[in-house]
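**Student:** build me a model:
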Amino acid sequence: MKEAGSITVVGLGPGRFGLITLESMAAMTSGKSILLRTAIHPSVAEIRRRGIAFTSYDAWYEKAASFEELYHAIAEDLAARVRAGEAVVYAVPGSPFVAERTVLFLRDLCIKEGLAISILPGMSFVETLYGVLGIDPVAGLLILDAADAAHLPLNPSTSVLFTQVYSREIASELKLALMDRLRDEAEVIYLHNIALPDESVRPIPLYELDRQRDTDHLTSLFIARTTFQND
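**Tutor:** Just a heads-up that it's a prediction; the model follows:
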């Protein structure tokens, strides 16, 4: 009789290695096969240094026609491994519960098919931002993917955090969407490499959003509620 497979989903934290939870590290050192959605993450260098073997889905990014197609394909591959009786650990940037569509798709597949899945809580970059920005989310915070800027209300009643500002092209699209709601000179907070030694939190005018030279997968944008109110 074929042994049942299982999958454990863990988070790599928002940046430096020390922010990975002990529970997640225990899973990654359990001897199971480890798959990373992407190895382009600050904590991966330390994971390698500790001799933890893994593979990643980075090569899949070049083959997929869209992120939606890619994320479904990753979820299907992981589910197939579980069906085949494999015990695997799937690691994603940040927290599995924050802005991780592969985890949503995978969870739905596993529930539908009765496959064993365990999703461990982890720290996302959002928790680190509360301290950096000096804000309490209880006061109100709307979190949107930069690609979903069109869903932003014309006059938000809370502060807004845009995630996944991963390229200058995305930053340009976000800037144009925000210019329908704010003055070109409105102050926004550009966030880069949060929770890393070289983190940068800098106020810039909106029109300069797509002119920043360090924009990458560790870039976000924060706009205070008062900015919308004053505009």
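**Student:** quick one: buried residues of the biggest helix by length in the chain?
**Tutor:** Longest helix of the chain, by residue count under DSSP state H: helix 67-83. Neighbour-count burial for helix 67-83, counted by 16 or more other CB atoms under 10 Å, picks out 70-75, 78-79, 81-82. Quick note: C-beta positions are derived from backbone N, CA and C, even for glycine.
**Student:** try stretch 193-202
**Tutor:** Within stretch 193-202, judged by 16+ other CB under 10 Å, the buried ones are 193-195.
**Student:** what does stretch 55-66 give?
**Tutor:** Neighbour count says stretch 55-66 has 56-57, 60 buried, by 16+ other CB under 10 Å.
**Student:** what of stretch 141-159?
**Tutor:** 141-144, 146-147, 149, 152, 156, 158-159.
**Student:** strands - which of those residues land there?
**Tutor:** Those of the buried residues of stretch 141-159 mapping onto strands are 141-144, 159, per DSSP state E.
**Student:** low-confidence stretches in the protein?
**Tutor:** 1-3 (pLDDT under 70).
**Student:** now with 80, please.
**Tutor:** Within the chain, the ranges that satisfy pLDDT under 80 run 1-4, 229-231.
**Student:** that older thread, how about a markdown table for the buried residues of helix 67-83, with distance to residue 200 added?
**Tutor:** Below are the buried residues of helix 67-83 laid out as a markdown table (distance: CB to CB, whole Å):
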| residue | distance to residue 200 |
| --- | --- |
| 70 | 29 |
| 71 | 29 |
| 72 | 34 |
| 73 | 34 |
| 74 | 30 |
| 75 | 33 |
| 78 | 34 |
| 79 | 39 |
| 81 | 39 |
| 82 | 40 |
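**Student:** between these, which sits nearest residue 24?
**Tutor:** Among the buried residues of helix 67-83, residue 78 lies closest to residue 24 (CB to CB), at 16.7 Å.
**Student:** mind listing what the closest one touches?
**Tutor:** 7, 35, 88, 90, 102, 106 (CB atoms under 8 Å, 6 or more residues apart in numbering).
**Student:** sorry, back to before: and the two most separated of the ones in strands among the buried residues of stretch 141-159?
**Tutor:** The widest separation within these (CB to CB) is 11.5 Å, between 144 and 159.
**Student:** including distance to residue 47, could the ones in strands among the buried residues of stretch 141-159 go into TSV?
**Tutor:** As requested, these are arranged in TSV below (distance: CB to CB, whole Å):
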residue	distance to residue 47
141	31
142	33
143	27
144	30
159	34
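**Student:** between these, which sits nearest residue 169?
**Tutor:** Of all those, residue 169 sits closest to residue 144, with 17.4 Å by CB to CB.
**Student:** now for the nearest residue to that closest one once chain neighbours are set aside, how many residues are close by?
**Tutor:** Among residues not flanking residue 144 along the chain, residue 162 sits closest, at 5.6 Å (CB to CB, 6 or more residues apart in numbering). Number of residues near residue 162 (other CB atoms under 10 Å) recorded here: 27.
**Student:** from the chain's centroid, how far away is the host helix or strand of residue 162?
**Tutor:** Using DSSP states H and E, residue 162 maps to strand 159-163. With CA atoms, centre = their mean, to the nearest Å as the basis, strand 159-163 stands 13 Å off its chain's centre.
**Student:** between that strand and strand 141-145, what angle do the directions make?
**Tutor:** 20 degrees (axes from the mean of the first three to the mean of the last three CA atoms, to 10 degrees).
**Student:** can I get stretch 147-157 in PDB? Just the C-alpha atoms.
**Tutor:** Only the C-alpha atoms of stretch 147-157 are listed here, as PDB (Å, rounded to 0.1, in the frame of the first residue of the first chain):
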ATOM      1  CA  ALA A 147      -1.300  45.700  -9.700                       C
ATOM      2  CA  ASP A 148      -4.700  46.300  -8.100                       C
ATOM      3  CA  ALA A 149      -4.400  50.000  -7.700                       C
ATOM      4  CA  ALA A 150      -7.500  50.500  -9.700                       C
ATOM      5  CA  HIS A 151      -9.500  49.100  -6.800                       C
ATOM      6  CA  LEU A 152      -8.400  51.900  -4.500                       C
ATOM      7  CA  PRO A 153     -11.400  54.100  -3.500                       C
ATOM      8  CA  LEU A 154     -11.200  57.700  -4.800                       C
ATOM      9  CA  ASN A 155     -11.000  59.000  -1.200                       C
ATOM     10  CA  PRO A 156      -9.700  56.300   1.100                       C
ATOM     11  CA  SER A 157     -10.600  56.600   4.800                       C
END
